[in-house]
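Asks: Only the shape, not the letters, is given here:
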């Protein structure tokens, strides 16, 4: 791919002349570069973090060979921050916009341009550092990491090297029950701030590549985990929890498909009982939690097989690519010694000095995080399955919290949300923020059923109306005259009517065919238009059926 | 009468240029309605800028006449001197001058630098002219923006007359390392103008422009000022925005000022100073009115510098310094004593460490700063069919040998395994130098030294001897490492050329105390009898 890069540049000579691209000259030229890649402008919906596991993996019995080895897994995650502007200039960033439409002299690395730090980057880094229980460096700095690549306009990336903003934390998570459940705590080595690079768009036939600098200079946080994970599932759940945390904090949309959350995984194995580590292999191109899971399990098997055959020398330090189609990892590049990035302190930016007051201010403004939420829900008496479901998506959790804070029955509210509401969202492909049913109406609905104003059956009917069209429970009940009939006299009249209209069935009932009670109940319900209180109805019906005529 | 502009909230960044935060308005530089009476007359003989202003506002001369006079001299002298890499079209300059004249005619306000012809070093970005940094790799490159300093000058009415020659990206001390041409010293055309801002110094010296901007990373304003017999001011690091200055060594680079008088450099500095939201290293300190202290020679007391403590840096007048330079500096010290100051020798034991520390730090930073010149987005691109070859050929063909040498040295110094021995050690030396300057400036109001160990040398003399060339920076690099302001002004001559070669005196002040340097420099200049620092080439005195 790299070999043909120059042709792009010749084909699109305006890229060479920033005067043509920059705003003062001609804004129109921004759009002259054609995208070679189909990109949708619509933002991907935030799918709640959920590890899907293919049949293949689930049904696969653990390899005998694999059982003799222990895998050591560490993850480096890049989270793209959802700041309004880039890290060092005032360009906005929107995923999927036309190539080179969101660039300026600073993020293009023009001669004489200088970076100025967006203070939101610090704020978000501190938030995540605190959320991951890290120790913050009150005095940190930026460094330059130097290498040449066409997507890196300055020839160096502004990053943090020896003094990251946050170090030594941990993340708590609960494994889903289908994977055996259980609580895990994984260490966080460090969190540091850096800028993203641009993107290379390769032509379909591989003849040339083009450079899109829209992403260049977008702020990232890199989170490095301790090598604490042992299975693909643990690694995938670590990533999913990290996604939850950044979404709860509102520092990133965390979408893996868009590349807002990218994981590089390091895997090594060692015979069970051995204390020194094996040679680690890095895996890239992991675009979903399930690919993290499957790639790791594949890699463990691959390494274990080599090891068991005495070919452990064939496990080399390298970067492997996960191929989704073939469901396997393949060599991308072997590492020839350590790359020398010639880090040195970035002289264009002042040191990053945090005051304790600033940090405390952010600490006090942190929202309730997924782990705290899960523990609170657990204490409320919800099952782990319910807890995991409700806390998985921050918006669902907020919806649930809004419902119960208005006094709804906890278990009933959970059931409604996880049952009919979730099913509706799934069918209509809506998020909980998009449904028309407001939490206060769900509270009202639950109370109306519990209090007997409406029946459960009617509750369900109006639920769907509320979900789709909105409105209030009281309004709907009134409008549709749905109040449950609880007057025994009225119900008695309806029963009498049914009994007198069906003398034949009555005779059969009284002749011993007691099953016909259901028929009568149905008839009464029908003429009450479903509003008769079922308990009362059955009670009165029985009395009248069994009464001596 | 000094009013302060309240700092506005400088939140917005590129591309919005905001008014400068926290600057004191200049007494002379207020935007004055051209109908108002002129009050700066007594000083006009000491400052070309004020002289032009007086002439314009009194309707004595028109801006077109002023521009014409400079353009005439430029046309006449440029073929011999070669100060410029790019010249503005004369018609364009005259058109801008005409606009100023029209405003004056209509009694409209004109900027305090109205009609002042400014030359700009070619490593400072200008939107309407090429900006090459003296390098083939940027041959024909036109930036889409003005450097903040240039923008401020234009906003005040100055007319940019052209882009001046320099050592490629500021790396050199003679302007011979320019990729395009050699510039001659107006005092002796067989000699170098110094560097790297040789074009800017020569242009002011030959009165091709009124004032000029240079950049100073290790002495690149001060040494050429000394060689060309003009005043050169290197401001405190952070005083002037670096936005738009092509980075050589970011922690050392500053934009500096050249003028034919101390007052002109002060007025120019005032115009370009102050915080800039586009440069995170630019200082938010208030910019004082550097110009309020310029008194005319006639109004000076007999001992105007009474009590001023001046430290002559012993290490700068040791061996290795030309005897002529040494005696000129001793003469300058004697002159300062006559003006009432107390001159003592002061020792800076770390002084000699400055040169190696400077060359390690500057090379290290430059190896990084010049990475962006890869031929991918702008500038000259080699044609080839493989990415690494694209990089290699574009850079091999685009950069000159001096630049390549410094990139190699810097890359080496930052490499794993060498970082501690070179870069880190040099930073430690830098801290020591900063401390020793602080101590010396605690005991003295200013420090003095030569600006260079010799006067201008012959073109080609040191070209193949980089170490000799580097050694010539010994007087100036320490000041950059310490981030301090320094003013160089002509103080005497040594033999050479047809009329002698000028020697510059360097005055070093405490951080952000340019005010004191300008005051002392101005008095020194006004009282220095018997010297006229106009090169023999220029027969007609300006506005004579």
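Replies: All right, it came through fine. These numbers come from a predicted model, not from an experiment. Residues are numbered from 1 along each chain as shown, chains lettered A, B, ... in the order given.
Asks: what's around whichever residue of the stretch 351-500 of chain B sits closest to chain A, how many residues?
Replies: Nearest to chain A in the stretch 351-500 of chain B, going by Cβ to the nearest Cβ, is residue B:371, at a distance of 2.4 Å. The C-beta positions use only the backbone N, C-alpha and C, and glycine is treated the same way. Neighbour count of residue B:371, defined by other Cβ atoms under 10 Å in any protein chain shown: 23.
Asks: Specify the local secondary structure of residue A:465.
Replies: Look at residue A:465: counting by DSSP: H, G, I helix; E, B strand; the rest coil, its state is helix.
Asks: So it sits against residue A:475, correct?
Replies: No - with contact defined as Cβ atoms under 8 Å, residue A:465 does not count as touching residue A:475 (10.5 Å).
Asks: shared neighbours of the two, anything?
Replies: Counting by Cβ atoms under 8 Å, 6 or more residues apart in numbering or on different chains, residue A:465 and residue A:475 have no contacts in common.
Asks: show me what contacts residue A:49?
Replies: A:239, A:240, A:241, A:243, A:244, A:254, A:289, A:392, A:393.
Asks: now do 10 Å
Replies: A:236-237, A:239-245, A:247, A:254, A:256, A:261, A:289, A:370, A:392-393 (Cβ atoms under 10 Å, 6 or more residues apart in numbering or on different chains).
Asks: if we can go back for a sec, spatially nearest residue to the residue of the stretch 351-500 of chain B closest to chain A (excluding sequence neighbours)?
Replies: residue A:155 (2.4 Å; Cβ to Cβ, 6 or more residues apart in numbering or on different chains).
Asks: Quick check: phi and psi at that neighbour.
Replies: Per-residue torsions, residue A:155: phi 80, psi 0 (degrees, to the nearest 10).
Asks: I'd say it and residue B:368 touch.
Replies: Yes - counting by Cβ atoms under 10 Å, residue A:155 touches residue B:368, with 7.3 Å between them.
Asks: Between the two, point out the one with more neighbours.
Replies: Higher neighbour count among residue A:155 and residue B:368: residue B:368, with 25 against 21, using other Cβ under 10 Å.
Asks: near chain A, anything from the helix or strand hosting the more buried one?
Replies: Residue B:368 is part of helix B:354-369 when elements are defined by DSSP states H and E. Yes - contact of helix B:354-369 with chain A (Cβ under 10 Å from any Cβ of the partner chain) involves B:361, B:364, B:365, B:367, B:368, B:369.
Asks: what about the stretch 151-300 of chain A, any weak spots by pLDDT?
Replies: Along the stretch 151-300 of chain A, segments meeting pLDDT under 70 are nowhere present.
Asks: Which segments of chain A make up each domain?
Replies: A:2-338, A:393-479, A:488-546 (automatic domain parsing).
Asks: Pull the distance from the shortest one to the chain's centre.
Replies: Yep, that's domain A:488-546 we're talking about. Taking the mean C-alpha point of domain A:488-546 and that of its whole chain, the gap between them comes to 52 Å (Cα atoms, centre = their mean, to the nearest Å).
Asks: The second one now?
Replies: Distance of domain A:393-479 from the chain centroid (Cα atoms, centre = their mean) equals 23 Å.
Asks: could you give me the average pLDDT of that domain?
Replies: Per-residue pLDDT over domain A:393-479 has a mean of 92.
Asks: before we move on, what about the shortest one?
Replies: Across domain A:488-546, the average pLDDT comes to 88.
Asks: What's the end-to-end length of it?
Replies: From the first residue to the last, domain A:488-546 extends over 17 Å; the measure is Cα to Cα, to the nearest Å.
Asks: Near chain B, which residues of the stretch 201-350 of chain A? Just list them.
Replies: Contact residues (Cβ under 10 Å from any Cβ) of the stretch 201-350 of chain A with chain B: A:209, A:211, A:213, A:337-350.
Asks: hmm, try it at 7 Å
Replies: For the stretch 201-350 of chain A, the residues in contact with chain B (Cβ under 7 Å from any Cβ of the partner chain) are A:211, A:340, A:342, A:344, A:347, A:348, A:349, A:350.
Asks: Three-state assignment for the first one, please.
Replies: So that's residue A:211. Residue A:211 is classified as strand under three-state DSSP.
Asks: Next, the contact list for it, please.
Replies: Residue A:211 sits next to A:15, A:150, A:151, A:198, A:200, B:376 when contact means Cβ atoms under 7 Å, 6 or more residues apart in numbering or on different chains.
Asks: Quick check: the residue lying farthest from the centre of chain B vs residue B:393, distance?
Replies: Distance from the C-alpha centroid of chain B peaks at residue B:385, with 42.4 Å (Cα atoms, centre = their mean). Per Cβ to Cβ, to the nearest Å, residue B:385 is found 11 Å from residue B:393.
Asks: and residue 172, how many neighbours does it have?
Replies: Let's take chain A. The number of residues packed near residue A:172 is 16, by other Cβ under 10 Å.
Asks: that's the wrong chain, I meant chain B
Replies: Residues near residue B:172, counting by other Cβ under 10 Å, number 28.
Asks: I figured it hits residue B:195, correct?
Replies: Yes - counting by Cβ atoms under 7 Å, residue B:172 touches residue B:195, with 4.9 Å between them.
Asks: Residue of chain A closest to chain B, please.
Replies: Chain A approaches chain B most closely through residue A:155 (2.4 Å), counting by Cβ to the nearest Cβ.
Asks: you'd agree that residue is up against residue A:149?
Replies: No - with contacts defined as Cβ under 7 Å, residue A:155 does not count as touching residue A:149, sitting 8.6 Å away.
Asks: before we move on, what SS does residue B:163 have?
Replies: Residue B:163 ends up strand, using three-state DSSP.
Asks: which residues does it contact?
Replies: Residues in contact with residue B:163 (Cβ under 7 Å, 6+ apart) are B:84, B:85, B:86, B:120, B:122, B:126, B:129, B:130, B:131.
Asks: which residue packs closest to residue A:71, ignoring adjacent ones?
Replies: That would be residue A:300: by Cβ to Cβ, 6+ apart, it lies 4.6 Å from residue A:71.
Asks: measure the closest residue to residue A:472 other than its chain neighbours to residue A:470 for me?
Replies: Spatial nearest neighbour of residue A:472, chain neighbours left out: residue A:441 (5.9 Å); criterion: Cβ to Cβ, 6+ apart. Residue A:441 is 8 Å from residue A:470, where distance means Cβ to Cβ.
Asks: Of those two, give the one with the bigger neighbour count.
Replies: Taking neighbours as other Cβ under 10 Å, residue A:441 and residue A:470 compare with residue A:441 leading, 23 against 13.
Asks: quick one: contacts for that one?
Replies: Each residue near residue A:441 by Cβ under 7 Å, 6+ apart is listed here: A:466, A:472, A:473.
Asks: per-residue pLDDT, residue B:46?
Replies: Confidence at residue B:46, expressed as pLDDT, is 82.
Asks: so it touches residue B:263, yeah?
Replies: Yes - with contact defined as Cβ under 7 Å, residue B:46 counts as touching residue B:263 (5.2 Å).
Asks: Need the residues touching each of those two.
Replies: What both residue B:46 and residue B:263 touch, as defined by Cβ under 7 Å, 6+ apart, is the set residue B:294.
Asks: neighbour-wise, which of those two wins?
Replies: residue B:263 (27 against 20).
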